[in-house]
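Peer 1: Okay, here's the prediction I keep looking at, along with the sequence it came from:
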Amino acid sequence: MVEIGILILAAGKSSRMRGDDKLTQKIDGVEQIKRIAHSACATGAAVAVTLPDAAHPRASYLLDLDLQVISVPEAHLGMGRSISAGISLLAALDLDGVMIVPADMPEITQNDLATVMQAFIKAPQSIAQACTAKGQSGHPVIFPKSLFSDLQTLSGDRGAQAVIRSNRHLRYLVELPQLNATTDLDTPEDWQEWFSKAH
């Protein structure tokens, strides 16, 4: 049986939101961080969420969910620090792969997570990366355990893109509906525009 963990990256500052937190924007009455974490937990996978620290306000939205919060005090140094910390913890669970999901992507659904997981299960030595119908790559991405050591050494703000590039021969794309794999919202204007189109 192929075992997959899920790492949700939620340690960013939301610096472009000018005082608001993009991860607590409500979609159908549910804060985005809780919505994506609940979707991840519903897959049955082991779930970890990175936060700047365990006492961060975002942690209050995760209290009733079966997951582990990982404090990343150096998160301001880039997404690579969060990935490294998360993979280091999840690697101890003897998983075949870890799915990385940025917390700020409001169109990713539980079904999308399951779609990428099912694709990885068929080829657990590969990198399964979500994409749009036009082939534009995005998230989530599942990395096999053979690459955990590479992910654990990441730093800076380029995330895991360097690992994907270095192992492009292992990657295959998994199509998700519409723009689910690529929609991320970083500013109040982005959110306002998205809400106007989505509702």
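Peer 2: Looks like it arrived, so ask away. Numbers count the residues shown, from 1 in each chain.
Peer 1: for this protein, longest strand please?
Peer 2: strand 137-144 (DSSP state E).
Peer 1: Mind listing the strands that strand pairs with, and their directions?
Peer 2: Its sheet considered, strand 137-144 pairs with strand 97-102 (antiparallel), strand 127-131 (antiparallel) by DSSP bridges.
Peer 1: contact partners of the following helix or strand past the longest one?
Peer 2: Just to be clear, that refers to strand 97-102. Note on strand 97-102: by DSSP states H and E, the next helix or strand toward the C-terminus is helix 110-122. Outside helix 110-122, the residues within contact range by Cβ atoms under 8 Å, 6 or more residues apart in numbering are 2, 4, 6, 38-40, 42-43, 45, 97, 99, 101, 126, 128-130, 140-142, 144, 172, 174, 176-177, 180-181. Every residue, glycine included, has its C-beta placed from N, CA and C.
Peer 1: need the strands paired with strand 137-144 in TSV with mean neighbour count and distance to Ser149, can you?
Peer 2: Output for these, formatted as TSV (neighbours: other Cβ atoms under 10 Å; distance: least, Cβ to Cβ, whole Å):
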stretch	mean neighbour count	distance to Ser149
strand 97-102	25	12
strand 127-131	24	15
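Peer 1: In TSV, list these along with distance to Ala75.
Peer 2: Shown next, in TSV, are these (distance: least, Cβ to Cβ, whole Å):
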stretch	distance to Ala75
strand 97-102	13
strand 127-131	23
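Peer 1: right, so of the ones you listed, which gets closest to Asp20?
Peer 2: strand 97-102 (17.5 Å; Cβ to Cβ).
Peer 1: Just want the most central residue of the protein.
Peer 2: Val101 (1.0 Å; Cα atoms, centre = their mean).
Peer 1: Hmm, that one is touching Ile8, no?
Peer 2: Yes: counting by Cβ atoms under 8 Å, Val101 touches Ile8, with 5.1 Å between them.
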